[in-house]
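Asks: Mind folding the following:
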Amino acid sequence: MNTIWQPELGDATGPKYKAVAQAIREGVATGDLAEGVKLPPVRDLAWTLGITPGTVARAYTILTDEGMLTAEVGRGTYVARARPAGLMDGGLDMPLEVDSTKHQSDAQTYHVNLISPHLPSVGQAELIRQLLAEVAYDPPSGMMHYPTRHGSASARRAAAQWISSPPLGEVKEDDLVLAHGGQNAILLIFQTLLSGRRPVILVEELSYPGFRRAAELLRAHVVPVAMDAQGVIPDAFEAAAKTHGAQILCTSPEVHNPTCGFSPEARRRALVDVARKHDVQIMEDDCYRMGTARAPSYRVLAPERSWYVTSISKTLTPALRIGLAVAPKGQAAGLRRASEHSFFGLATPMIDLCAKLLTHNKLDGLVTHVRRANNAYVEAAVNILGGYDLKWQKDVPFLWLHLPDGWRAGAFAQAAEGVGVRIRIAEEYACRDARTPHAIRFAINAGVSLESFEKAIGRLRDLLENPQDQIGV
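Replies: Okay, here's the model as predicted:
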């Protein structure tokens, strides 16, 4: 059913896309927009309101992600229907449909956000809904108790089994704690290890910004360490460790964020030698790896000083905020204290969900489908931009691009946003006073159709072919 409804933006202040989204929410709340009603096409509504199609598309995307709207490829955008009441009763046995072509927000056909990865919807949302219903109906941990270490044992056991592998080594349930995502896991490790008035943390000169943010919360000093194509340079690491009395080296050896680099085993062993010589702990951030590890982890190479972080955000969904922090052998007690003193532990329904999800017989198939869909988008990006200085890896949801002469990173990002594509620049991954390359990172957004993604990458290519820096006349 179509609708002739049109929103009234009036004198709304702030971003127009937020005003459009709020008007739609109000229309649903008042009944002006009934369940199943088809919203006006993006371009039609944009013309009526005198705004850009990208603004309307962004509002539709926000509401689609919230679940208020649904987008159907080739048909349009609709007000979502309420979930059938029978879910709690008989819905738990419905078969799980895995569809690698289904997209959560296909309404976004022009403005494409490539700042952070957006996973494809291949059935994991439906599985999570089913498991949440099971937990709500019969919660193993109950609903009236604080979380406890004993109560989280099944979830920690499931998590340990999920990540245990030859490259990582054996992980037992008592070696890890459950955190509110990978960022929270990093913070817990810092809280466990850092001491003194002004502790020092070493990071790669281009590195995940969350390291610096967590350090700032704990009033720690962050020192960047020079790196090359294989990661941190051992001599630079040793010089920084000696000069600053560093306590932790933060590194991402399997999938370096943002450059897509990889540290081979020989480089890792050289860094372990330095860490042992100067008694520096190593924290390995492995959140971005979607496939099999290619070299032994620091947990295998230096089990007495290596801390490990991962999450389900890049393989299943970032919405649940389930992260894992793994301590070295015999050092988990301090990590548990940091967790318990900070937030007592994950909420018991989340613990129960984690235990069910990470042991479900459909999990491996879902992860495989996520990887395959991600790789289709990576392949598309490489095919379009392969003639440029592009770094990428299979099973990694982002790419790194050194800009050609004529483009500065900041100007390119601004131009990209002007054509509906949002990206990150190298400066965001460096300490404040660092000199950074003119490079960008763009993530895989599998929440839009492959066609929309390819068009967005094509617009980036068009910009690359027409740099701004021209000789004046």
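Asks: which residues does residue 256 contact?
Replies: With contact set as Cβ atoms under 8 Å, 6 or more residues apart in numbering, residue 256 has these partners: 204, 231, 262, 263. The way it works is simple: take the backbone N, C-alpha and C, and place the C-beta from them, glycine included.
Asks: isn't the third one right next to residue 289, touching?
Replies: Going back to what we said before, that points to residue 262. No - Residue 262 is beyond contact range of residue 289, at 10.1 Å (criterion: Cβ atoms under 8 Å).
Asks: hmm, which of the contacts of residue 256 are the buried ones?
Replies: 204, 231, 262, 263 (16 or more other Cβ atoms under 10 Å).
Asks: circling back to that earlier point, give me the common contacts of residue 262 and residue 289.
Replies: 254, 255.
Asks: Please determine how far the residue nearest to residue 229 when sequence neighbours are not counted is located from residue 267.
Replies: Take residue 229 and drop its neighbours on the chain: the residue closest to it by Cβ to Cβ, 6 or more residues apart in numbering is residue 261, 6.1 Å away. According to Cβ to Cβ, to the nearest Å, residue 261 stands 10 Å off from residue 267.
Asks: Also residue 224?
Replies: In terms of Cβ to Cβ, residue 224 sits 18 Å off from residue 267.
Asks: before we move on, the earlier item: distance to residue 315, pLDDT and secondary structure added to the contacts of residue 256, as TSV?
Replies: Converted to TSV, the contacts of residue 256 look like this (distance: Cβ to Cβ, whole Å; pLDDT from 0 to 100; DSSP: H, G, I helix; E, B strand; the rest coil):
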residue	distance to residue 315	pLDDT	secondary structure
204	23	97	strand
231	23	97	strand
262	18	97	coil
263	21	98	coil
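Asks: with those residues in mind, which one is nearest to residue 293?
Replies: Nearest to residue 293 among these: residue 262, at 10.1 Å, using Cβ to Cβ.
Asks: hmm, back to that, next, give me the two most distant ones among the buried ones among the contacts of residue 256.
Replies: 204 and 262 (12.8 Å).
Asks: Give me the common contacts of these two.
Replies: 231, 256.
Asks: for the stretch 1-150 of the chain, what are the low-confidence residue spans?
Replies: Applying pLDDT under 70 to the stretch 1-150 of the chain flags residues 1-4, 10-12, 73-74, 82-109.
Asks: And stretch 155-169, end to end?
Replies: For stretch 155-169, the first and last residues are 19 Å from each other (Cα to Cα, to the nearest Å).
Asks: Run the chain-centre distance for it.
Replies: How far stretch 155-169 lies from its chain's middle: 20 Å, per Cα atoms, centre = their mean, to the nearest Å.
Asks: With stretch 198-218 instead?
Replies: That offset, for stretch 198-218, works out to 18 Å (Cα atoms, centre = their mean).
Asks: Flag every buried residue along it.
Replies: Neighbour counts using 16+ other Cβ under 10 Å place 199-212, 214-215 of stretch 198-218 among the buried residues.
Asks: which two from these end up farthest apart in space?
Replies: Greatest spatial distance among the buried residues of stretch 198-218 (Cβ to Cβ): 199 and 206, at 22.0 Å.
Asks: where along the stretch 201-350 of the chain do the helices fall?
Replies: 209-217, 234-244, 265-277, 298-301, 332-343, 348-357 (DSSP state H, counting those that start in this stretch).
Asks: Residues in contact with the first one: which ones?
Replies: It refers to helix 209-217. Taking Cβ under 8 Å, 6+ apart as the rule, helix 209-217 contacts 182-183, 186-187, 190, 201, 203, 221-222, 250, 285, 428-429, 431.
Asks: which among these end up buried?
Replies: 182, 183, 186, 187, 190, 201, 203, 222, 250, 285, 429.
Asks: Any chance of the residues you listed in JSON lines with pLDDT and distance to residue 457 as columns?
Replies: As requested, the buried ones among the contacts of helix 209-217 are exported to JSON lines (pLDDT from 0 to 100; distance: Cβ to Cβ, whole Å):
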{"residue": "182", "pLDDT": "97", "distance to residue 457": "27"}
{"residue": "183", "pLDDT": "97", "distance to residue 457": "28"}
{"residue": "186", "pLDDT": "98", "distance to residue 457": "31"}
{"residue": "187", "pLDDT": "98", "distance to residue 457": "34"}
{"residue": "190", "pLDDT": "98", "distance to residue 457": "37"}
{"residue": "201", "pLDDT": "98", "distance to residue 457": "35"}
{"residue": "203", "pLDDT": "98", "distance to residue 457": "30"}
{"residue": "222", "pLDDT": "97", "distance to residue 457": "33"}
{"residue": "250", "pLDDT": "98", "distance to residue 457": "31"}
{"residue": "285", "pLDDT": "97", "distance to residue 457": "27"}
{"residue": "429", "pLDDT": "97", "distance to residue 457": "21"}
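Asks: Relative to residue 273, which of these is nearest.
Replies: Here the nearest of the buried ones among the contacts of helix 209-217 to residue 273, counting by Cβ to Cβ, is residue 250; it sits at 18.1 Å.
Asks: Contacts only, for the closest one.
Replies: Listed by Cβ under 8 Å, 6+ apart, the contact partners of residue 250 are 186, 201, 202, 203, 204, 207, 208, 211, 283, 285.
Asks: Quick check, the third one in contact with residue 223.
Replies: I take that to be residue 202. Yes - with contact taken as Cβ under 8 Å, residue 202 and residue 223 are classed as touching, separated by 5.4 Å.
Asks: For the two, list the residues in contact with both.
Replies: 240, 244, 246.
Asks: so the closest residue to residue 457 other than its chain neighbours is in which element?
Replies: Nearest residue to residue 457 in three dimensions, chain neighbours excluded: residue 384, at 4.7 Å (Cβ to Cβ, 6+ apart). In this assignment (DSSP states H and E), residue 384 forms part of helix 363-385.
Asks: Return that helix as PDB; C-alpha atoms alone will do.
Replies: Taking Å, rounded to 0.1, in the frame of the first residue of the first chain, the C-alpha atoms of helix 363-385 are listed here in PDB:
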ATOM      1  CA  LEU A 363      27.400 -20.300  14.000                       C
ATOM      2  CA  ASP A 364      30.100 -21.500  11.700                       C
ATOM      3  CA  GLY A 365      27.900 -21.400   8.700                       C
ATOM      4  CA  LEU A 366      26.900 -17.800   9.500                       C
ATOM      5  CA  VAL A 367      30.500 -16.700   9.900                       C
ATOM      6  CA  THR A 368      31.400 -18.300   6.600                       C
ATOM      7  CA  HIS A 369      28.600 -16.500   4.800                       C
ATOM      8  CA  VAL A 370      29.600 -13.200   6.400                       C
ATOM      9  CA  ARG A 371      33.200 -13.700   5.200                       C
ATOM     10  CA  ARG A 372      32.100 -14.600   1.700                       C
ATOM     11  CA  ALA A 373      29.800 -11.600   1.400                       C
ATOM     12  CA  ASN A 374      32.600  -9.300   2.700                       C
ATOM     13  CA  ASN A 375      35.000 -10.700   0.200                       C
ATOM     14  CA  ALA A 376      32.700 -10.000  -2.600                       C
ATOM     15  CA  TYR A 377      32.700  -6.300  -1.700                       C
ATOM     16  CA  VAL A 378      36.500  -6.400  -1.200                       C
ATOM     17  CA  GLU A 379      36.900  -7.900  -4.700                       C
ATOM     18  CA  ALA A 380      34.600  -5.200  -6.200                       C
ATOM     19  CA  ALA A 381      36.700  -2.400  -4.500                       C
ATOM     20  CA  VAL A 382      39.900  -3.900  -5.800                       C
ATOM     21  CA  ASN A 383      38.600  -4.300  -9.300                       C
ATOM     22  CA  ILE A 384      37.600  -0.600  -9.400                       C
ATOM     23  CA  LEU A 385      40.700   0.900  -7.600                       C
END
